[in-house]
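Visitor: Mind looking at a prediction? Sequence and model below.
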There are 2 protein chains.
Amino acid sequence: MAAPINDTHDASLRSWVDSANEPGCDFPIQNLPYGVFHHEDEDEDDARVGVAIGDMILDLSVIADAGLLEDVDADDEEDIEEDVSAPMLNLLMCSEPARWSALRRRISELLSDGNDELCGDASLMEDALIPMSEAVMVMPAEVGDYTDFYASIHHATNVGSMFRPDNPLLPNYKWIPIGYHGRSSTLAVSGTPVRRPLGQTKADDADPVYGPCKLLDYEMEVGAFVGRGNERGEIIPIDEAEDHLFGLCLVNDWSARDMQKWEYQPLGPFLAKSFLTTLSPWVVTMEALAPFRVASLPRESGDPAPLEYLSSKEDREFGGVDLTVEVYLSSERMRAEGMEPVRLSSGNFRHMYWTVAQMLTHHASNGCSMDPGDLFASGTVSGPEKGNRGCLLELTWRGSEPIELPTGETRKFLADGDEITMKGFCERDGYRRIGFGFCSGVVLPSVMATV
Amino acid sequence: MAAPINDTHDASLRSWVDSANEPGCDFPIQNLPYGVFHHEDEDEDDARVGVAIGDMILDLSVIADAGLLEDVDADDEEDIEEDVSAPMLNLLMCSEPARWSALRRRISELLSDGNDELCGDASLMEDALIPMSEAVMVMPAEVGDYTDFYASIHHATNVGSMFRPDNPLLPNYKWIPIGYHGRSSTLAVSGTPVRRPLGQTKADDADPVYGPCKLLDYEMEVGAFVGRGNERGEIIPIDEAEDHLFGLCLVNDWSARDMQKWEYQPLGPFLAKSFLTTLSPWVVTMEALAPFRVASLPRESGDPAPLEYLSSKEDREFGGVDLTVEVYLSSERMRAEGMEPVRLSSGNFRHMYWTVAQMLTHHASNGCSMDPGDLFASGTVSGPEKGNRGCLLELTWRGSEPIELPTGETRKFLADGDEITMKGFCERDGYRRIGFGFCSGVVLPSVMATV
């Protein structure tokens, strides 16, 4: 079941890390997302687990080594120091939710105003708190398998109506959380530039050609990391799905629309999606999200109820996440002229037709084994309004309604030099706002030629 | 370019391992495929690299430790002993083809009649040669990403005509090696039973239901292991593709046809394919296959020539592999009555529309990074004749032409207790026949109910 609200979510909690208390800060003490980082003077081999607090990173390997996390382990088989000293979150992800919860509670305690176990030790403080500005974030997990869903009915309907005007939403959509296997080797962390891919594209009245993608797009998605997995041949019942989820991040599923259109029949998207998929570095835990859980999207009159294996009272009442996601663009010229990025869209993850629990349960419903660190993304998060659309394909309606930038430049799809930045945050009266940080990337010209 | 024929392929070579010289043996000294194994008395942690020779396995970690492979390493950065002591072929796969070739030459020398470096040392022999009957084969590699192609035009046309009678072969088929990302967590080695999956299926005139798959099928495929990879953003030119290929194996892409039909639009097969995919344990190297390379499938009049990035003289002349693949079935009752399995089909890998080099080059053509140990399968190997069809969907034409078994039982699709065994071998006048061993699995009842 979904993690409950507890003392760690109390809005009155403050940290002795001052920056964490500032209004609008993504990483107050109520958030405590995990990431993997190293100091800019170190190698990637030195990466270990950290927690974001204000504009600092708490190095969990240092405080575990200092004995401050000892009470988190319930028995000798657990070794929190080993888990947080790894260059990936996978070891931590293997745990039971009770241990994740114990670790969160202990970190909250250590960072709270009035607790001096850590902040009272100047030498330890020096080692344990690293300014984000001096840190390099790396991939939060070693992702064995990556899956991409298609869970926004608004996105599916919009895209479907462009590619199949007579048949926008296929008959299976309201029964199955549609998804496809993705490519884990092309996942990368925020900040990785995206090289405009080469591929086959075909104009309506000509033979196909191999060359640079002309219709490069982003997709604003939310990613979910699997915690404990299941054995091959076993399923994950819907009531247990949340216990297998570690947390969420932001995902930019860069897409080559012209390649996609030509290649995707009959086996689905392939090279149009496997040149780069970017993740935000901080994983916001399911427990941190507890105050922001909302009912799943109500079914409209005439819509089928989810089949029993995808249905639970808990999921209906709390399966959704009230998570606002925003996309910003800055062109090379905008940056040269010192302009701020423009916001292209603002959507909400609660508008998805399928919940993260339904996606995970469906994924394992055939006995497919899920492993700790496996990632599934939601598909483009679009909502009912035009301003909610999470990709350019929808926003410019396949290029027919170009977007005008403050420089006077226009965009149907992405140009070389464009930088896309995604942000996400949760707000609710009576609770501290928590944020996801950001997920960004700049478009580099293709190796063959610029377009 | 494709590995050339050399002394190691000489048909007159004989081994002092007598069983390797028997006619019809899959593993003569001309083959020397690699696999990962441990003794039945050992744990999976003890697995290491071996070479099949007759009915024995040569333990490469033992002979490397004895110093017999020293000349294989060209410099201090290479460590053959480390590479072959790993519980996976990935380290060996990272090498340049020249090193693979040096290792093959050295193993051929050590196993040749007249060479007593190994067989002259009784104590070493005892350690280094393990009877296959006492060995457990495990996954040959740690597969980061798995891809499934659709490279048989006969299969694509047959299946297309069932699912889309008005439009069997889509317009992109003759331009693009169509493929989709698969699920690496559900790859397993030959001998792993397949649990009949649960999933959503839908009869034409009813709402969908969640339950055991009723139309379980196999697909006879050939898998190719990537050796050296490419960096993200780089491509693999067609002329260099063979240098990035380590070897081939047999693949059974178990398929749930009823689930596939209901789920596959618009993003392709998902849970219908990700409950189990079985690999044969021995990887036959591209060098071992040198005598059996043939021209790629000639294009028919009116067919487009492959685009330049998928085209080379070398690939046209030697891109194909003359590899016979066979599928056998035995029902539980057949085994109880002591009957031999029946052969369902015999096809040939040379009938594929796209070569392995074209598949790899296309896969990386968008800058997708390929890593050592990544696997791509060919898609069902079907040929022009009915007897060449590589799955039951085609053989029974969607169940309309059931197959009769010697017990009087009939099969439209697989029944619980059925065992599918795939075999593969290459034959050519003047050369020793080499084989792939086999890839097998028994169907277990679903966890929910039997059908």
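Guide: Yep, it's here. Numbering: from 1, shown residues only, chains lettered A, B, ... in the order given.
Visitor: Can you name the residue of the stretch 301-450 of chain A nearest to chain B?
Guide: Minimum separation of the stretch 301-450 of chain A from chain B (CB to the nearest CB) falls at A:N366, amounting to 4.1 Å. Where you see a C-beta, it was placed from the backbone N, CA and C, and this is true even at glycine.
Visitor: Contacts only, for that residue.
Guide: With contacts taken as CB atoms under 8 Å, 6 or more residues apart in numbering or on different chains, A:N366 has the following neighbours: B:197-199, B:256, B:259, B:271-272, B:274-275.
Visitor: the helices in chain A, which residues?
Guide: A:60-65, A:80-85, A:90-93, A:97-111, A:122-128, A:153-163, A:257-263, A:313-318, A:332-336, A:356-364, A:392-395 (DSSP state H).
Visitor: Most tightly packed of those helices?
Guide: Most buried of the helices of chain A, by mean neighbour count (mean count of other CB atoms under 10 Å in any protein chain shown): helix A:356-364, with a mean of 27.
Visitor: pLDDT averaged over that one - what is it?
Guide: Confidence over helix A:356-364, taken as the mean pLDDT, stands at 98.
Visitor: quick one: it near chain B?
Guide: Yes. Helix A:356-364 is in contact with chain B by CB under 8 Å from any CB of the partner chain, via A:362-363.
Visitor: that older thread, now go through the contacts of A:N366 and say which are in strands.
Guide: In strands, judged by DSSP state E, the following of these are found: B:198-199, B:256.
Visitor: ok, of those residues, which one's closest to chain A?
Guide: For chain A, the nearest member of the ones in strands among the contacts of A:N366 is B:G199. The distance, counting by CB to the nearest CB, is 4.9 Å.
Visitor: partners of the closest one in the sheet?
Guide: On the basis of DSSP bridges, B:G199 is bridged to B:G211.
Visitor: Run through the residues that contact the nearest residue to A:S296 once chain neighbours are set aside.
Guide: In space, not counting the residues next to it along the chain, A:S296 is nearest to A:G319; the distance is 3.9 Å by CB to CB, 6 or more residues apart in numbering or on different chains. Counting by CB under 8 Å, 6+ apart, A:G319 touches A:2, A:293, A:295-296, A:355-358.
Visitor: Tally up the residues packed near the residue nearest to A:F149 when sequence neighbours are not counted, please.
Guide: Nearest residue to A:F149 in three dimensions, chain neighbours excluded: A:G179, at 4.0 Å (CB to CB, 6+ apart). Per other CB atoms under 10 Å in any protein chain shown, the neighbour tally for A:G179 reads 25.
Visitor: How much space separates A:G179 from A:E142?
Guide: As judged by CB to CB, to the nearest Å, A:G179 and A:E142 stand 21 Å apart.
Visitor: Output stretch A:75-93 as PDB, restricted to C-alpha atoms.
Guide: In PDB, the C-alpha atoms belonging to stretch A:75-93 read as follows (Å, rounded to 0.1, in the frame of the first residue of the first chain):
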ATOM      1  CA  ASP A  75      19.800  -7.400  11.500                       C
ATOM      2  CA  ASP A  76      23.300  -8.500  10.600                       C
ATOM      3  CA  GLU A  77      22.300  -9.200   7.000                       C
ATOM      4  CA  GLU A  78      21.700  -5.600   6.300                       C
ATOM      5  CA  ASP A  79      24.700  -3.200   5.900                       C
ATOM      6  CA  ILE A  80      23.600   0.400   5.300                       C
ATOM      7  CA  GLU A  81      27.100   1.600   5.000                       C
ATOM      8  CA  GLU A  82      27.700  -0.800   2.100                       C
ATOM      9  CA  ASP A  83      24.400   0.200   0.400                       C
ATOM     10  CA  VAL A  84      25.100   3.900   0.500                       C
ATOM     11  CA  SER A  85      28.700   3.600  -0.500                       C
ATOM     12  CA  ALA A  86      27.800   2.000  -3.800                       C
ATOM     13  CA  PRO A  87      27.900   4.100  -7.000                       C
ATOM     14  CA  MET A  88      24.200   3.400  -7.600                       C
ATOM     15  CA  LEU A  89      21.000   3.200  -5.600                       C
ATOM     16  CA  ASN A  90      20.400  -0.400  -6.500                       C
ATOM     17  CA  LEU A  91      21.500  -1.900  -3.200                       C
ATOM     18  CA  LEU A  92      19.300   0.500  -1.200                       C
ATOM     19  CA  MET A  93      16.400  -0.200  -3.600                       C
END
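Visitor: close to chain B, is that stretch?
Guide: No. Judged by CB under 8 Å from any CB, stretch A:75-93 and chain B are separated, with a smallest distance of 13.5 Å.
Visitor: which residues touch that stretch?
Guide: A:34-36, A:44-49, A:60-61, A:64-65, A:69-70, A:72-73, A:95, A:99-100, A:103, A:138-142, A:225-228, A:246, A:283, A:372-373.
Visitor: Now with 6 Å, please.
Guide: For stretch A:75-93, the surrounding residues in contact (CB atoms under 6 Å, 6 or more residues apart in numbering or on different chains) are A:34, A:36, A:47-49, A:60-61, A:64, A:69, A:72-73, A:140-142, A:227, A:246, A:372-373.
Visitor: Can you name the residues bridging to the residue nearest to A:F292 when sequence neighbours are not counted?
Guide: Using CB to CB, 6+ apart and skipping the chain neighbours, the partner closest in space to A:F292 is A:C426 (4.0 Å). According to DSSP bridges, the partner residues bridging A:C426 are A:I434.
Visitor: Over to A:A224?
Guide: Note on A:A224: beta-bridge partners A:L248, A:F376, judged by DSSP bridges.
Visitor: Quick one, grab the pLDDT at it.
Guide: Per the predicted model, pLDDT is 98 at A:A224.
Visitor: just checking, it touches A:L375?
Guide: No. In this structure, A:A224 sits apart from A:L375 without contact. The criterion is CB atoms under 6 Å, and the distance is 7.1 Å.
Visitor: hmm, back to that, check contacts around the residue nearest to A:F149.
Guide: With CB under 6 Å, 6+ apart as the criterion, the residues that contact A:G179 are A:147, A:149, B:270.
Visitor: Next one: the first one from chain B, what distance?
Guide: Computed with CB to the nearest CB, to the nearest Å, the distance linking A:T147 and chain B is 8 Å.
Visitor: So which bits of the stretch 101-250 of chain A are right by chain B?
Guide: Within the stretch 101-250 of chain A, the positions adjacent to chain B are A:144-145, A:170, A:172, A:175-176, A:178-186, A:195, A:197, A:199-200, A:208, A:210, A:233 by CB under 6 Å from any CB of the partner chain.
Visitor: so what's the closest residue to chain B within chain A up against?
Guide: Scanning chain A for proximity to chain B using CB to the nearest CB identifies A:G268 as nearest, at 2.4 Å. Applying CB under 6 Å, 6+ apart, one finds that A:G268 lies in contact with A:180, B:180, B:267-268.
Visitor: Would you list the phi and psi of it?
Guide: Dihedral angles phi and psi of A:G268 (degrees, to the nearest 10) take the values phi 100, psi 180.
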